[in-house]
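Chemist: Here you go, sequence then predicted model.
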Amino acid sequence: MLAKNTGLVEFATPRLKTTKIIRQIDNMPWIQAIVDVEPSNAEEIEELLLAIGAQAVTLKDGADQPIYEPKLGTTPLWDQTQVVALFDAEQPLANQMEQLSILYKAEAERPFPAYKLELVEDKDWVREWMDNFKPMPFGKRLWICPSWLDAPDPSAVNLKLDPGLAFGTGTHPTTALCLRWLDGQKLDGKRVVDFGCGSGVLGVAALLLGAQHMLGIDIDPQAVQATHNNAERNAISEAQYEVYLPEAAPQTQVEVVLANILAGPLVELRDAILAYLLPGGDLVLSGILESQAQDVAQAYQETCEILEIAVEGDWVRITARKHG
């Protein structure tokens, strides 16, 4: 594969599956080719577009068939998938796509999939994202503020956040549900585990709201670094927090455990999550679709009392208390 010798970034959302990026996409004009494919030939078309000079290739939902939580180890595609490839605007893409279509039909003995070409507006995409990430309130006390902007209410509890390459800004309902729960709690003197900490937004928020200590755990080294950076950005003392990959994390028990991941891992990792929680401690689970809430609650109800299932849009937060 051409991409093996390049930088590779992969991520998933319900309607955006995989992106391969060969070089950083900076402030320059682009042409995008949008190709309608079937799941069976998506990878083939992706590799052909990379071979003729695509700088980024994205597989996306071509209709309205979200895949929220595929099984571990699988990368299912939608029945109607689109391959979207970005090319330098100076590249003679129309001619190249026409030649590619002719060669593909001759070698594969079937027509090249339908496609269209579009000019992409010339933007500074990093600046575009920064301009749209605004300070946000969560509850009565807490604000999440981008690190490059001033806090709108200096007297509030203001968490200065730079998510970097790790997930967690507060804009997604799963994170917002957890932040609002934290805002309503008396955390003074309590210890917190942020299981799947991402950018550290939940754990750092807990510390700013009065928690004594936070232990962050994540499988992604970039998340570990992002949590460190955001803790330092908010003047959190090194004595107040620790962040580890799972295999290095110390085993301890605390008064509050936060786990904003996905329903499948929440069920599969139930025992590992509960091992961090003291009897009588509070458990906050999120990253759960409303249709999955009862299955997750059932997995925990033998060990915990389910206190609330809060809903925002398609997503829920489950709060529970470990039997004491």
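Modeler: Thanks, I have it.
Chemist: alpha carbons only for contacts and neighbour counts from here, please
Modeler: Will do.
Chemist: To which secondary structure element is the residue nearest to Ala94 when sequence neighbours are not counted assigned?
Modeler: Leaving aside its sequence neighbours, Ala94 sits nearest to Leu117 (Cα to Cα, 6 or more residues apart in numbering; 7.7 Å). Here Leu117 sits within strand 115-120, counting by DSSP states H and E.
Chemist: Can I take it that Pro279 is in a strand?
Modeler: Yes: counting by DSSP: H, G, I helix; E, B strand; the rest coil, Pro279 is part of a strand.
Chemist: For Val83, see how far away the residue lying closest to it once chain neighbours are set aside is.
Modeler: The shortest distance from Pro279 to any non-neighbouring residue, by Cα to Cα, 6+ apart, is to Gly324 (4.3 Å). As defined by Cα to Cα, to the nearest Å, Gly324 lies at a distance of 53 Å from Val83.
Chemist: Settle it for me: which of the two has more neighbours?
Modeler: Comparing Gly324 with Val83 by other Cα atoms under 10 Å, the one with more neighbours is Val83, at 25 against 9.
Chemist: And whichever strand or helix holds that one, what's buried?
Modeler: Using DSSP H and E, Val83 sits in strand 81-88. By 16 or more other Cα atoms under 10 Å, the buried positions in strand 81-88 come out as Thr81, Gln82, Val83, Val84, Ala85, Leu86, Phe87, Asp88.
Chemist: what's the closest of those residues to Thr171?
Modeler: Thr171 lies nearest to Val84 out of these, by Cα to Cα, at 25.4 Å.
Chemist: Could you give the backbone dihedrals for the residue lying closest to Glu312 once chain neighbours are set aside?
Modeler: Nearest residue to Glu312, sequence neighbours excluded (Cα to Cα, 6+ apart): Pro173, at 6.2 Å. With angles defined as degrees, to the nearest 10, Pro173 sits at phi -60, psi -30.
Chemist: Ok, Phe112 next?
Modeler: Torsion angles, degrees, to the nearest 10, at Phe112: phi -70, psi 140.
Chemist: how much space is there between the closest residue to it other than its chain neighbours and Ala85?
Modeler: In space, and not counting its chain neighbours, Phe112 is closest to Ser101: 5.1 Å by Cα to Cα, 6+ apart. Computed as Cα to Cα, the Ser101 to Ala85 distance reads 15 Å.
Chemist: Equivalent analysis for Gln225, please.
Modeler: Note on Gln225: its distance to Ala85, by Cα to Cα, is 31 Å.
Chemist: picking that back up, my guess is the residue nearest to Pro279 contacts Leu277. True?
Modeler: No: applying Cα atoms under 8 Å, one finds Gly324 not in contact with Leu277, separated by 10.6 Å.
Chemist: what residue of the chain is the furthest out?
Modeler: Distance from the centre of the chain peaks at Ala106, with 41.5 Å (Cα atoms, centre = their mean).
Chemist: got any ranges where this structure has weak pLDDT?
Modeler: Along the chain, segments meeting pLDDT under 70 span 1-29, 61-79, 121-130, 165-167.
Chemist: Show me what the helix or strand containing Gln32 packs onto, helices and strands only.
Modeler: Gln32 belongs to strand 30-37 when assigned by DSSP H and E. Judged by 3 or more Cα pairs under 8 Å, 6 or more residues apart in numbering; DSSP states H and E, strand 30-37 is in contact with strand 81-88, strand 115-120.
Chemist: strand partners of that strand, parallel vs antiparallel please.
Modeler: strand 81-88 (antiparallel), strand 115-120 (antiparallel) (DSSP bridges).
Chemist: Can you list the buried residues in the shortest one?
Modeler: The one in question is strand 115-120. For strand 115-120, burial by neighbour count (16+ other Cα under 10 Å) applies to Leu117.
Chemist: Name the surrounding residues that touch that strand.
Modeler: Pro29, Trp30, Ile31, Gln32, Ala33, Ile34, Val35, Asp36, Ala89, Ala94 (Cα atoms under 8 Å, 6 or more residues apart in numbering).
Chemist: Could you identify the buried members of these?
Modeler: Applying 16+ other Cα under 10 Å to those, the neighbour count classes Pro29, Trp30, Ile31, Gln32, Ala33, Ile34, Val35, Asp36 as buried.
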